[in-house]
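Q: coordinates only, no sequence provided:
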């Protein structure tokens with residue numbers, strides 16, 4: 001559906017999954033605000049932020065969900081996966097346990113998400129390559145086995161790399177759903193701010 005300016009809006013739900021401490025929150029804040037917090041507080045439950053981008057005559061409203069990696073919050077995280085368009089499976093290159101944890105997260109995504117959702121395996125903290133525990137080839141092989149993209153990023157030092165991550169994730173989703181007219185929700189655009197629009201919402205804990 002178009003407005004007077006012939007612009008169409010499409011909503012894309014993006015969820016970041018991964019173990020505690022891999023840098024999911026800093027990936028999001030680097031993308032949205034170009035900020036990084038070395039002492040970032042561990043996310044409890046889930047939080048939500050939003051960004052609007054435009055490509056040609058299409059405006060994409062990116063609804064980005066940050067999730068907790070702790071096991072006690074996993075049932076809550078599962079509740080947000082069903083209508084996800086893009087899933088970023090994040091691990092830290094200096095923490096082998098965080099990479100091994102991707103098996104659980106991928107299995108969860110496979111059980112819940114639409115097969116046309118785009119999945120990206122994201123190795124964060126690439127600036128700490130001197131302490132690397134996860135080989136790039138191993139992570140890339142994991143991604144290829146799952147039919148996912150693979151990206152190495154540094155939320156601390158590389159804003160451009162974070163931007164490319166989100167751009168390529170969106171490209172992948174669009175490509176997978178180019179013949180699916182119901183893949184994204186459409187609505188009229190009334191106002192498009194020149195600045196990034198963002199929100200933070202807290203969800204109450206639900207029982208499993």
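A: Looks like it came in fine. Here the structure is a predicted model, which means the values were calculated and not measured.
Q: neighbours around the residue lying closest to residue 6 once chain neighbours are set aside, how many?
A: Once flanking residues are discounted, residue 6 sits nearest to residue 57: 5.8 Å by C-beta to C-beta, 6 or more residues apart in numbering. Yep, even glycine has a C-beta here, placed from its N, CA and C like the rest. Neighbour count of residue 57, defined by other C-beta atoms under 10 Å: 10.
Q: backbone phi and psi for residue 57, please?
A: Here is the backbone geometry of residue 57 (degrees, to the nearest 10): phi -100, psi 20.
Q: what of residue 55?
A: Dihedral angles for residue 55 - degrees, to the nearest 10 - are phi -130, psi 120.
Q: report how many residues lie close to it.
A: Residue 55 has 12 nearby residues by other C-beta under 10 Å.
Q: before we move on, what about residue 135?
A: 12.
Q: and the pLDDT for it?
A: pLDDT for residue 135: 97.
Q: what helix or strand does residue 48 sit in?
A: strand 46-55 (DSSP states H and E).
Q: tell me the contacts of the residue nearest to residue 6?
A: Listed by C-beta atoms under 8 Å, 6 or more residues apart in numbering, the contact set of residue 57 reads 6, 7, 8.
Q: in strands, which of those appear?
A: Counting by DSSP state E, the part of these found in strands is residue 8.
Q: make a ChimeraX selection of the buried ones in the contacts of residue 57.
A: ChimeraX command restricting the contacts of residue 57 to the buried ones, with burial defined by 16 or more other C-beta atoms under 10 Å:
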select :8
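Q: and of the contacts of residue 57, the nearest to residue 81?
A: Nearest to residue 81 among the contacts of residue 57: residue 8, at 26.1 Å, using C-beta to C-beta.
Q: surely the closest one touches residue 60?
A: No: counting by C-beta atoms under 8 Å, residue 8 does not reach residue 60; the two are 9.6 Å apart.
Q: please pull out the lowest mean pLDDT helix or strand from this protein.
A: strand 185-187 (a mean of 44; mean pLDDT, DSSP states H and E).
Q: quick revisit: buried ones in the strand holding residue 48?
A: With the criterion 16+ other C-beta under 10 Å, strand 46-55 contains buried residues 46, 47, 48, 49, 50, 51, 52.
Q: quick check: the farthest pair among those?
A: Maximum distance among the buried residues of strand 46-55 (C-beta to C-beta): 20.7 Å, for 46 and 52.
Q: show me the shaky parts of the chain.
A: 1-5, 39-46, 69-77, 181-208 (pLDDT under 70).
Q: again, 80 this time
A: Across the chain, the ranges flagged by pLDDT under 80 are 1-7, 39-47, 68-80, 179-208.
Q: which stretches in it count as helices?
A: 24-33, 74-79, 96-100, 102-112, 136-145, 159-176 (DSSP state H).
Q: for the shortest one, buried residues please.
A: What it means is helix 96-100. Under 16+ other C-beta under 10 Å, the buried positions of helix 96-100 are 98, 99.
Q: and it, what other elements does it pack with?
A: strand 86-92, helix 136-145 (3 or more C-beta pairs under 8 Å, 6 or more residues apart in numbering; DSSP states H and E).
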